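# My questions are about this predicted structure, shown below with the sequence.
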Protein chains: 2
Amino acid sequence: MRQRRTFVVFGLALVFGLAAAGYAPAQPAAADGFASLMPVPERATPAAGKFRLDESLTVGGSGPQSRRADSAAARFMTRLAGRTGLFLKQDFLAERLTADKATVSYTYDRTGKLVPNEDEAYALTITTDKVTLAAATDLGLGWGFETLLQLLSADEQGYYLPCGEVRDRPRFTWRGLLIDAGRHFMPVDVIKRNLDGMAAVKMNVLHWHLTEDQGFRVESRIFPRLHQLGSDGQYYTQDQIRDIIAYASDRGIRVMPEFDIPGHSTSWLVAFRELASSPGPFMIERHFGVFGGSFNPIDERVYRLLDRFLGEMAALFPDPYLHIGGDEVEGKPWDANPAIQAYKKKNRIPDNHALQAVFNKRLLRILQKHDKRMVGWDEIFQPGLPTDIVIHSWRGTKALFEAAQKGYQGLLSNGYYIDLGQPAEVHYLNDPLPADSPLSEVQKKLVLGGEATMWAELVTAETVDSRIWPRTAAIAERLWSPATVRHVDDMYRRLRTAALRLEELGLTHFKNQDMLLRRLAGTPDIRALKTLAEAAEPVKNYQRHSQGVTYTSLSPLTRFVDALFPESLAARAFRMKVDRFLETKDPELGREVRATFLRWKGNHPLVLRLLARSPALLEVEGLSLALAGACETGLAALDSIVAGETKDDKWVEANLAVLADALKPRAHAELAVVTAVEKLVRAAAGKS
Amino acid sequence: MRQRRTFVVFGLALVFGLAAAGYAPAQPAAADGFASLMPVPERATPAAGKFRLDESLTVGGSGPQSRRADSAAARFMTRLAGRTGLFLKQDFLAERLTADKATVSYTYDRTGKLVPNEDEAYALTITTDKVTLAAATDLGLGWGFETLLQLLSADEQGYYLPCGEVRDRPRFTWRGLLIDAGRHFMPVDVIKRNLDGMAAVKMNVLHWHLTEDQGFRVESRIFPRLHQLGSDGQYYTQDQIRDIIAYASDRGIRVMPEFDIPGHSTSWLVAFRELASSPGPFMIERHFGVFGGSFNPIDERVYRLLDRFLGEMAALFPDPYLHIGGDEVEGKPWDANPAIQAYKKKNRIPDNHALQAVFNKRLLRILQKHDKRMVGWDEIFQPGLPTDIVIHSWRGTKALFEAAQKGYQGLLSNGYYIDLGQPAEVHYLNDPLPADSPLSEVQKKLVLGGEATMWAELVTAETVDSRIWPRTAAIAERLWSPATVRHVDDMYRRLRTAALRLEELGLTHFKNQDMLLRRLAGTPDIRALKTLAEAAEPVKNYQRHSQGVTYTSLSPLTRFVDALFPESLAARAFRMKVDRFLETKDPELGREVRATFLRWKGNHPLVLRLLARSPALLEVEGLSLALAGACETGLAALDSIVAGETKDDKWVEANLAVLADALKPRAHAELAVVTAVEKLVRAAAGKS
């Protein structure tokens, strides 16, 4: 679901406290891999000693024939070789070295099933001369290899794995990422590299949002007009889908498709106008929002179509779950249709919500016939539905708890809307099962986990990775690690390492920023824009839709704002530095803050020089000027604090007004460092 | 073909001279699109005035139904919107605006055939209120849209297209890029983005090298063991191939497959050991070179397999040509096979070359049966073959001319081996039909064009784009533009713009350098490595194979050298600056050279700091130190020149020795700025 309701920052109670569960971050050296694990394992016990990596390293395993195990071992070696430059033996699978003969040995008992509550645990033991990885299933095995890759460390002598033990398993069984390929199509390679990213942080469900008002993205061989007329030619063939499912399975990831009905269905109705509640005709929707194109719930032909189509999809997607959306059904077309009104009256259906329940019950029977379990957004939660459906909550934990109390399984996505540009910590501290939940132990088990949602109004294949990564690693940790692992600063420290390592998987979250800026600037020298980008972030929540521009699915998303990271870690570091300076008055910190102000202020003329040759960049002039202005205020406040002087109220008032203005959105972006300047201004007046 | 013979720099006669054919580079303003066209059109006539771009722009066309024309127009609008940020009307195709009603109007008479010598001409007229693009075929139309995109210009008022006219058509009909997917597999998205790159510089043949000793990369439904056993699971499905062919066709590009036989065939023989000349068994080859795995030319089963397999491929690939390789057949297995020896004796076949001719004649009949024309490397050129085959020359123009004189069509690849790391100018000045060719006008027509060859021993999907681009744009210009367009400096000036614009197509030639360096450094701050990279290039030709390391198809290609551009344009700019300084003794240039020396020298400690945490980077210490040393020598020489002093012979000798040492390969790379320092040293001694 996707509606622009007011965004409620959830769980921002900044519960600090050191990571628990047997792992004390202070223990290993900072450069050591144990300190950079993300998600933090259930139990990690560093020990003295190092397993040295060299070209004699061998990998061998024992377990039943498993393509997943083979591919996990092979990818482990390729990535290890790629990072270290070592010519490791990579065609080891041909030789089938047994576990006892290899220096990196692995065992697993069976092939894991890609279903909820499967065993994903693994155990890792590293001594100076042997690495042992053991798991019940090849799923756990895959996660173990990912942990091993994160443990890779280096010192003056070379690369090594630090000795120690890891005993690990996930807290939640459903750790998902929703990718919306409906509003903007995401080509196969985008999906694949994001599956690699998910695997690297131990996420295990790709929720693939395949139909939307703006696009019908899956080939139907039974009803080819659906994708032919509903997709602008941008859809996945069934072969591509099978390929992606196999790719995901190799990485221990389920692929659950979503076909959002009966609302959000305009793209279906381009081909099947006669099945709509309103007369149509329908075109592929270009605008975003909640639209009138919805199925007619009293037309038997609708159920015949859905039966055959969902039967086709049920055979294509092996996952036991199928998501039917069910959110944001616009009532107007139903109200305006006399036949539907008559039906409601005749059958004593009080409102459209109840009418949707009728639709859902029919749908449920269809899914049951095709051996799929139903997942849907909050709206599908209605009395009378069997308890084997799963409620996917965009509304919040309250809805989730209510469902659980009535015996329904649930998933949380409220608080994990990564398209809204919130900082990672907001998502990180958002727990599907917070300590104060009202649920019994039995009810708690019904909360399966959660999903980060990458809704795609304002992203393209060029920018989607930077909206997903690295922040989704924080959500992955929330869903995998013990509930007590909640130290925000430590998370951010590890997030930096995770972000760098995610790049080796082909993800473009860093590199496309530069590419977009080069395109805008028309020159490879984009230093000034990068400097401005440090201090800026895209406007949050749904604000970008109220900046005087109406975005459609065809609008270019190649502006400065599209190149910005949703969360600037540089800006965050600066804000924290200001906080520490105000706390300690450490002159060295003061000098550093000063140097940053000077650099940002001095950047403005450099930005202006670039604007001269790029009309598309003209919009950032105001943003850059506002930053320079805020820096000037910051410098004055800093000087005053350092000199031990106190600024008067008039000065404070005038400068806070400057900063309030600097906070306003410009070029669809906002400055992420102004709040720190405000603190300096208040401190300069002796207030804080 | 691929053998490591001595590389002969061909055509390095630096024939300067201004671009001819109606276009004088000095005429338009530097920022104007006319000055950045690449390839240079046959005729371009800038005029006064500007066609202003705004959101009212409309595109409309007239011509027979053509997916190629539609997609060209749609891509034109998407890219224009992407670059300018303008919300252009992108679903214009739905409305089918006719040419007369649109501000950007296009017409074409017919759908072009993807065969040699098809009409690819187009004419473009830009006035202040209308853009008119006319072509005989939708192929020409596509090239016209690419030219329009290159003409995009900007001034203080915004974006515009400069008024003027272009009348354009290619000099050669065959402008190819060979991508070797055999030695390293190149996934579908790599092929697609390179097809986009090719289209942007008007190349029209993808030569897809699909089988090699190291991999059999195409799905065979008749003989599935070929790809199952010969590819490590890395092959293109037939659906993917069809998808790529359609993608190429939309962009006016033919796709010619190559199945290299009877040598270079080890990967086939993994499945069909019994068809080899030697007993086997065979494994997928991991090493590079010329190997013994070759088909047995006297075994009838070989021809039955090839008949059926090539029949399957002939149906899959619509191109009229099929490349059979035929190069570097290793004679030893034939010599060692008594049956083959007996056959040769019996049939009076004097040598293995003649035996291959027997093989080729059989192969030719098979291709004729499947309605394909044969293309092969030089080695296939033997008396008795019909003249409708095409000789593809890796040996040079001499071989090409000999073939043409005997009535054979030919293609040049000698001099276009982009895997060898030569500077763009070497390729640029390499003409398939130089002014002094001995051919008659009729014979000249037999020289169809040429192909850049991206052999893949030492590239992966991560690095291949940076080996192809931007240098291949220079080859594209050689094959498209009039022979008189040969101004090297002007080519380099335009190459910079072309390189930037190629990025919008998803090509990774710039952005993966940073990614690779970040992976090596383990930090986002890679400035020191970027600075070192300015001055360095990978070793040239086949030198990387003699650096004390044996590369295989499984070796990691993630070192510093892999991140380097094959040609550093920064190093070239520095060398030219030194030349100009020595010529003019302009003190400002001297100061700039000095500043660069100081920056490079001062970079060494910064590099050292990165090495401390990255063992994989340790190998660059010597390279960085050698650069610092060369800069020290350069500074001393510069000081001396500026002071008007003369260094003595002893100093010169000692410093030239330092520089000779600095020129040695380190970390598989070499410094591309040392020759400039040598010039300064000589000048400091009053010599030059």
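Done, it's in.
# ok, A:R171 touching A:V485?
No: A:R171 is beyond contact range of A:V485, at 9.2 Å (criterion: Cβ atoms under 8 Å). All C-beta spots, glycine's among them, are computed from the backbone N, C-alpha and C.
# Compare the two and say which one has the larger neighbour count.
Set A:R171 next to A:V485 and count neighbours by other Cβ atoms under 10 Å in any protein chain shown: A:V485 wins out with 23 against 19.
# okay, stretch A:333-347 in CSV with CA atoms only?
Extracted in CSV, the C-alpha atoms of stretch A:333-347 (Å, rounded to 0.1, in the frame of the first residue of the first chain):
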residue,chain,number,x,y,z
PRO,A,333,-16.8,3.6,-8.8
TRP,A,334,-18.6,1.1,-6.7
ASP,A,335,-21.0,3.8,-5.3
ALA,A,336,-21.6,5.1,-8.8
ASN,A,337,-22.4,1.7,-10.3
PRO,A,338,-26.2,1.0,-9.9
ALA,A,339,-25.8,-2.8,-10.3
ILE,A,340,-23.3,-2.9,-7.5
GLN,A,341,-25.6,-0.7,-5.3
ALA,A,342,-28.5,-3.0,-6.0
TYR,A,343,-26.4,-6.0,-5.2
LYS,A,344,-25.3,-4.5,-1.9
LYS,A,345,-28.9,-3.7,-1.0
LYS,A,346,-30.2,-7.1,-1.9
ASN,A,347,-27.4,-8.9,0.0
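# And it, what's buried?
Neighbour counts over stretch A:333-347 (16 or more other Cβ atoms under 10 Å in any protein chain shown) mark A:333-334, A:337, A:340, A:343-344 as buried.
# Looking at those, which are in helices?
A:333-334, A:340, A:343-344 (DSSP state H).
# Let me see the contact set for the residue of the stretch 301-450 of chain A found nearest chain B.
Closest to chain B within the stretch 301-450 of chain A is A:L316: 14.8 Å, counting by Cβ to the nearest Cβ. Neighbouring residues of A:L316 by Cβ atoms under 8 Å, 6 or more residues apart in numbering or on different chains: A:238, A:241-242.
# out of the residues you listed, which are buried?
A:238, A:241.
# Just the ones of the contacts of A:L316 in strands?
Judged by DSSP state E, the subset of those located in strands is empty.
# could you redo the contacts of A:L316 as TSV and give each row distance to B:L411?
Converted to TSV, these look like this (distance: Cβ to Cβ, whole Å):
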residue	distance to B:L411
A:Q238	39
A:I241	39
A:R242	38
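# would you list the contacts of A:L316 in a markdown table and tack on pLDDT and distance to B:E619?
A markdown table is the format used below for the contacts of A:L316 (pLDDT from 0 to 100; distance: Cβ to Cβ, whole Å):
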| residue | pLDDT | distance to B:E619 |
| --- | --- | --- |
| A:Q238 | 97 | 47 |
| A:I241 | 98 | 44 |
| A:R242 | 98 | 43 |
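# Just the pLDDT at A:Q547, thanks.
At A:Q547, the pLDDT value in this model is 89.
# Report the secondary structure state of A:G233.
coil (DSSP: H, G, I helix; E, B strand; the rest coil).
# Share the number of residues neighbouring A:V561, please.
With other Cβ under 10 Å as criterion, A:V561 counts 26.
# Next: A:L448.
When neighbours are defined as other Cβ under 10 Å, A:L448 has 24 of them.
# Then A:F288?
So A:F288, with other Cβ under 10 Å, has 22 neighbours.
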